[in-house]
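In: got a predicted structure plus its sequence, pasted below:
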Amino acid sequence: MNETIKPVLDVTPEQSANLGGASAFEKAVTTTVDDRVTTRFGHQRWIICGLLFFASAINYIDRQVIAILKPTLQAEFGWTDINYGWIVFAFTTAYALGFVFVGRLMDKIGTRKGFSLSITLWSLGALMHAWAVPIGVFAVGLTASVAGIFGYQASVAALSVSVVGFIIARFVLGLGESGNFPAAIKTTAEWFPKKERALATGIFNSGTNVGALLTPLTVPIIVHVWGWYEAFIITGALGFVWLVFWLIFYRRPEEHPRVSETELAYIQSDPADPAVKIPWRKLLGYRQTWTFAVGKFLTDPIWWVYLFWLPDFLNKKHGLDIKTFGIPLAVIYIIADVGSVGGGWISSALIKRGWSINRGRKTAMLVCALAVVPIIFAALTTNLWIAVFLIGIAAAAHQGWSANLFTTSSDMFPKQAVGSVVGIGGMAGAVGGMLIAPLVGIILEKTGSYVPIFAIAASAYLVALLVIHLLAPNLEPAKVESAAN
């Protein structure tokens, strides 16, 4: 390592007095080496970040297709908003259940195998949407047969076979997709030092916006040329393409043949994490776990609303349909993409300038929380593009918030526990999504207005930040030594 530093830094300890003393000398060494490592000694970690980016994009393409097709499917099958709310509920329920074990799975078998299993399952679930009606027919028939064996008469009067079939497909999709973020956050913790994690998280998380952006632009074209059936098949197959690249290129940094010694030293430059195994149940005893989980519970449901209900909002409020809401949705997610990277950059930049992790993260999160507040006016204005701009700013703020919130898990816990902590928090966020899905359907059926829904969104982040600060005023790392077993 000394041979690397010598040609980089032309400063001796004796000359450090001119820089302000030993601490300034050390700062000069650190800064110069970091800059040279970043610019000249390997970028393999950013290639891995790119893989995470594309996985997140595919993840959101697969989950959002049904929102784009809602008017089409609603017209074909006669669904009500409440029917659609229960289909969304099935996804979020499976997403929550998946988080019960997927985080621990990632910690146990590693992200290479764990991510592979996750994307395989969710891609199969995405493909199942194309055959939702026969799946529903089979499920209803099987239920009736089993009930008949025990002398009961099964009744499915409240749900059509199409609703049943889509509920099953959404459940499988949600179960598989629950692995994406625990795997991605754990991979980021393994491949990036803390000073870069929020930026890396923001970059891969921006893939969600790209996926949400591409879906309304491409799915209507696929539907026009072939049909909604083929839309699910084409998008569902993307995950298997990604899987090939993941298996070819991914290894842990210390096992990767293309990682230089200098880049590996930079990746592992943080103080070593304690070598402990933390049982899942013991993680629930830490305030830091609840800090992350409460933040997810209060704010993830707002993102679910954007994903699954914005096409419906544009249809009902502004008269757009599958042929015309593509551009407004694209604009919303382009703005959101900027927020994802920008939110992560803000805290990373502040921390590199000497701010504490606590101050840097929470300042960025406060900026994001305040930026969401004006969304309430999106439900009141009759101007389409004012509404699009306000929703876009709120979506960007959510993504910036999310990049920082995700990173707090690796700020407060060692790498061995990050997957499990993200799993617990993801489960909490999905439970919030479970609750809001039928609630939105009921609100729309009763009032026909998005004002109450956007009012909830406007306040959620400020409330969440207050609770986070009360639970973890300094974002101090969890003391996990006593949890070893």
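Out: In hand now; what should we look at? Given the structure is predicted, the values throughout are model-derived calculations rather than measurements. Residues are numbered from 1 along each chain as shown.
In: low-scoring pLDDT stretches of the chain, where are they?
Out: Where the chain drops to pLDDT under 70, the residues are 1-42, 144, 146-159, 272-277, 280, 480-485.
In: centroid residue for it?
Out: Nearest to the mean C-alpha position of the chain, by Cα atoms, centre = their mean, lies Phe181 at 5.5 Å.
In: phi, psi of that residue?
Out: The phi/psi pair for Phe181 (degrees, to the nearest 10) reads phi -80, psi -40.
In: from Gly342, how far off is the nearest residue to Asn180 once chain neighbours are set aside?
Out: Residue nearest to Asn180 in three dimensions, not counting chain neighbours: Asn59, with 4.7 Å by Cβ to Cβ, 6 or more residues apart in numbering. For every residue, glycine as well, the C-beta is placed using N, CA and C. Asn59 is 21 Å from Gly342, where distance means Cβ to Cβ, to the nearest Å.
In: all helices of the stretch 201-350 of the chain, in order?
Out: Secondary structure of the stretch 201-350 of the chain (DSSP state H, counting those that start in this stretch): helices located at 228-249, 261-267, 280-283, 287-318, 326-352.
In: equivalent analysis for the stretch 1-150 of the chain, please.
Out: Under DSSP H, counting those that start in this stretch, the stretch 1-150 of the chain gives helices at 2-5, 22-40, 44-77, 81-109, 111-128, 132-149.
In: for Ile357, which of the ones you listed is the nearest?
Out: Ranking the helices of the stretch 1-150 of the chain by proximity to Ile357 (Cβ to Cβ) places helix 22-40 first, at 16.2 Å.
In: which ones are touching Lys180?
Out: Residue 180: Asn, not Lys. Ala55, Ser56, Asn59, Phe115, Ser118, Ile119, Trp122 (Cβ atoms under 8 Å, 6 or more residues apart in numbering).
In: next, count neighbours for the fourth one.
Out: The local packing count at Phe115 equals 26, with neighbours defined by other Cβ atoms under 10 Å.
In: equivalent analysis for the second one, please.
Out: Neighbours of Ser56 under the rule other Cβ under 10 Å: 23.
In: for the fifth one, same thing?
Out: The burial count assigned to Ser118 is 28, neighbours taken as other Cβ under 10 Å.
In: quick check: closest non-adjacent residue to it.
Out: Take Ser118 and drop its neighbours on the chain: the residue closest to it by Cβ to Cβ, 6+ apart is Gly179, 2.8 Å away.
In: and for the one you found, the neighbour number?
Out: If we define neighbours as other Cβ under 10 Å, then Gly179 has 31 of them.
In: over to Pro134?
Out: Other residues near Pro134 come to 11 when the count uses other Cβ under 10 Å.
In: element containing the nearest residue in space to it that is not next to it in sequence?
Out: In this structure, Pro134 finds its nearest non-sequential neighbour in Gly165, 7.2 Å apart by Cβ to Cβ, 6+ apart. Assigned by DSSP states H and E, Gly165 falls within helix 161-177.
In: list the buried ones in that helix?
Out: Buried residues in helix 161-177, counting neighbours by 16 or more other Cβ atoms under 10 Å, are found at 161-177.
In: and the gap between the residue lying closest to Ala212 once chain neighbours are set aside and Trp226?
Out: Once flanking residues are discounted, Ala212 sits nearest to Tyr333: 4.4 Å by Cβ to Cβ, 6+ apart. Distance of Tyr333 to Trp226, given as Cβ to Cβ: 24 Å.
In: ok, now Ile267?
Out: 45 Å.
In: between the two, which has more neighbouring residues?
Out: Between Ile267 and Trp226, counted using other Cβ under 10 Å, the more crowded position is Ile267 (20 against 12).
In: what about the more buried one, distance to Val163?
Out: Counting by Cβ to Cβ, the gap from Ile267 to Val163 is 48 Å.
In: likewise for Ser56?
Out: 29 Å.
In: can you check Phe389 too?
Out: Applying Cβ to Cβ to Phe389 and Val163 gives a distance of 35 Å.
In: before we move on, the earlier item: of Asn59 and Gly342, which one has the most company?
Out: Neighbour count, other Cβ under 10 Å: between Asn59 and Gly342, Asn59 has more, with 27 against 19.
In: am I right that that one is in contact with Ser123?
Out: No: applying Cβ atoms under 8 Å, one finds Asn59 not in contact with Ser123, separated by 10.1 Å.
In: how about Leu307: what's its closest non-neighbour residue?
Out: Gln64 (5.5 Å).
In: what ranges do the helices span in the stretch 351-485 of the chain?
Out: Under the criterion DSSP H, counting those that start in this stretch, the stretch 351-485 of the chain contains helices at 357-372, 384-412, 415-447, 451-471.
In: please identify the most buried of those.
Out: Most buried of these, by mean neighbour count (mean count of other Cβ atoms under 10 Å): helix 384-412, with a mean of 25.
In: how many neighbouring residues does Ser356 have?
Out: Neighbours of Ser356 (other Cβ under 10 Å): 12.
In: would you check how far apart the residue nearest to Ala212 and Tyr60 are?
Out: Tyr333 is 9 Å from Tyr60, by Cβ to Cβ.
In: which ones are touching the residue nearest to Phe115 when sequence neighbours are not counted?
Out: Of all residues not flanking Phe115 in the chain, Ala183 sits nearest, at 4.2 Å (Cβ to Cβ, 6+ apart). Listed by Cβ under 8 Å, 6+ apart, the contact set of Ala183 reads Met106, Thr111, Gly114, Phe115, Ser118, Gly419.
In: same question for Leu127.
Out: Leu127 is in contact with Phe232, Ile233, Gly236, Ala237, counting by Cβ under 8 Å, 6+ apart.
In: how much space between it and Ser116?
Out: For Leu127, the distance to Ser116 equals 17 Å [Cβ to Cβ].
In: before we move on, back to that, so for Leu69, which of the helices of the stretch 351-485 of the chain sits nearest?
Out: Taking those one by one with Cβ to Cβ, helix 415-447 is closest: 16.9 Å.
In: make a markdown table out of the contacts of Leu127 and add distance to Ser145 and neighbour count.
Out: Below are the contacts of Leu127 laid out as a markdown table (distance: Cβ to Cβ, whole Å; neighbours: other Cβ atoms under 10 Å):
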| residue | distance to Ser145 | neighbour count |
| --- | --- | --- |
| Phe232 | 28 | 24 |
| Ile233 | 29 | 16 |
| Gly236 | 29 | 24 |
| Ala237 | 33 | 13 |
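In: export those to a markdown table and tack on distance to Arg258?
Out: Below are the contacts of Leu127 laid out as a markdown table (distance: Cβ to Cβ, whole Å):
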| residue | distance to Arg258 |
| --- | --- |
| Phe232 | 36 |
| Ile233 | 35 |
| Gly236 | 31 |
| Ala237 | 28 |
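In: from those, which is closest to Gly319?
Out: Using Cβ to Cβ, Phe232 is the member of those that lies nearest Gly319, at 26.3 Å.
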